[in-house]
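Visitor: Show me how the following folds:
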Amino acid sequence: MKLIACYSNKGGVGKTAASVNLAYASALNGNRTLLCDLDPQGASGFYFRVKPSEKLKNNTFFEDTKKFTDAIRESDFHNLNLLPANISFRDFDIFLSRMKKSRSRLNKALKPVDGEYDIVLLDCPPNISLLSENVFKVADRIVVPVIPTTLSQRTLEQLYAFFKKQGYKSSKIFPFFSMVQQSKSLHIETMEQIRAEYEQVMNTWIPFSTHIERMGLHRAPALSYAGKEEAVAAYAQLWQEIQN
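Guide: Numbers count the residues shown, from 1 in each chain. Below is the predicted model of the structure:
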């Protein structure tokens, strides 16, 4: 079982859209896939029309194996299940701070599904916290959406600096460009700067697209209803690159 985190310490960069479409692409490629939503906003569950469990609250996520597995829901798509978030996930850091080995609790929580899935994709909240540090430790790969603008470039630098300071493996980090508008010279210039600075930037990038914006109306992965559109098909290409 491989753990792939879709993470950014900046909000509004297309993280959940990427999580949902990468999970769909993974399942479409024959992988038994679990999308685990760690963001209390619960956007992944909303996109899949899945309601969160009312019983998976507080520290039960990390301590109650049965409630964790019972909270997993089937999606409308073959090979793809979902662990939806609820609003109590906002207090994860409070509960983690009270637990022993607080930076390893996520790894323990995911043990019950080890062997049940080929891929677990983590949709992470946009902050650096105890939960984030759990993700940094347990994930095999951390894919980071970056809008090619100055602020997104700065937050990517902050992420690498945090990894270096805390001794985490920066080799896990794989940035990719999101919401790219080729008509903007700033986007093109920033992409060139970031590629020059970091070795592991993904070749595939996601264009800005109204088809992706409409996920909230369709409440489904964009690949499931607009997969032939070039901008949307980029998610499938990105998944192939990640998998390779």
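
Visitor: Confidence-wise, which helix or strand of this protein is lowest on average?
Guide: Confidence across the helices and strands of the chain bottoms out at helix 92-97, with a mean of 86, counting by mean pLDDT, DSSP states H and E.

Visitor: Now do the buried residues in the helix or strand following that one.
Guide: Using DSSP states H and E, the next helix or strand after helix 92-97 towards the C-terminus is helix 105-110. For helix 105-110, a neighbour-count test (16 or more other C-beta atoms under 10 Å) marks Arg105, Leu106, Asn107, Ala109, Leu110 as buried. Heads up, the C-betas are built off the backbone N, CA and C, glycines and all.

Visitor: Can I get helix 105-110 in PDB, CA atoms only?
Guide: C-alpha atoms of helix 105-110 as PDB (Å, rounded to 0.1, in the frame of the first residue of the first chain):
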ATOM      1  CA  ARG A 105      -0.400   8.600  15.100                       C
ATOM      2  CA  LEU A 106      -1.600   8.800  11.500                       C
ATOM      3  CA  ASN A 107       0.600   5.900  10.500                       C
ATOM      4  CA  LYS A 108      -1.100   3.800  13.300                       C
ATOM      5  CA  ALA A 109      -4.600   5.000  12.300                       C
ATOM      6  CA  LEU A 110      -4.000   3.800   8.700                       C
END
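
Visitor: and that helix, average pLDDT?
Guide: Taken as a whole, helix 105-110 has a mean pLDDT of 90.

Visitor: Then stretch 75-88?
Guide: The model assigns stretch 75-88 a mean pLDDT of 94.

Visitor: got it, and stretch 141-159?
Guide: For stretch 141-159, mean pLDDT is 97.

Visitor: Any idea how far it is from the middle of the chain?
Guide: Its chain's average C-alpha position is 14 Å from that of stretch 141-159, according to C-alpha atoms, centre = their mean, to the nearest Å.

Visitor: quick one, strands of the chain?
Guide: Along the chain, counting by DSSP state E, strands occupy 2-6, 33-37, 73-74, 80-83, 119-123, 141-146, 173-177.

Visitor: would CSV of those strands with distance to Ile194 and mean neighbour count be doable?
Guide: Formatted as CSV, those follow (distance: least, C-beta to C-beta, whole Å; neighbours: other C-beta atoms under 10 Å):
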stretch, distance to Ile194, mean neighbour count
strand 2-6, 18, 23
strand 33-37, 27, 27
strand 73-74, 37, 14
strand 80-83, 31, 25
strand 119-123, 23, 27
strand 141-146, 7, 25
strand 173-177, 7, 22
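
Visitor: Take those and lay them out in TSV including distance to Gly167.
Guide: Formatted as TSV, these follow (distance: least, C-beta to C-beta, whole Å):
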stretch	distance to Gly167
strand 2-6	18
strand 33-37	25
strand 73-74	36
strand 80-83	29
strand 119-123	21
strand 141-146	15
strand 173-177	14
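
Visitor: Can you say which of those strands is nearest to Leu56?
Guide: With C-beta to C-beta as the criterion, Leu56 lies closest to strand 80-83 of the strands of the chain, at 8.1 Å.

Visitor: Now the closest one - C-alpha only, PDB.
Guide: Taking C-alpha atoms only, strand 80-83 is exported to PDB below (Å, rounded to 0.1, in the frame of the first residue of the first chain):
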ATOM      1  CA  LEU A  80     -12.600   4.000  -5.300                       C
ATOM      2  CA  ASN A  81     -13.600   4.400  -1.700                       C
ATOM      3  CA  LEU A  82     -13.600   7.500   0.500                       C
ATOM      4  CA  LEU A  83     -13.100   8.300   4.100                       C
END
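
Visitor: Run me through the strand neighbours of it, direction for each.
Guide: Each strand paired with strand 80-83, and its direction, by DSSP bridges: strand 33-37 (parallel), strand 73-74 (antiparallel).
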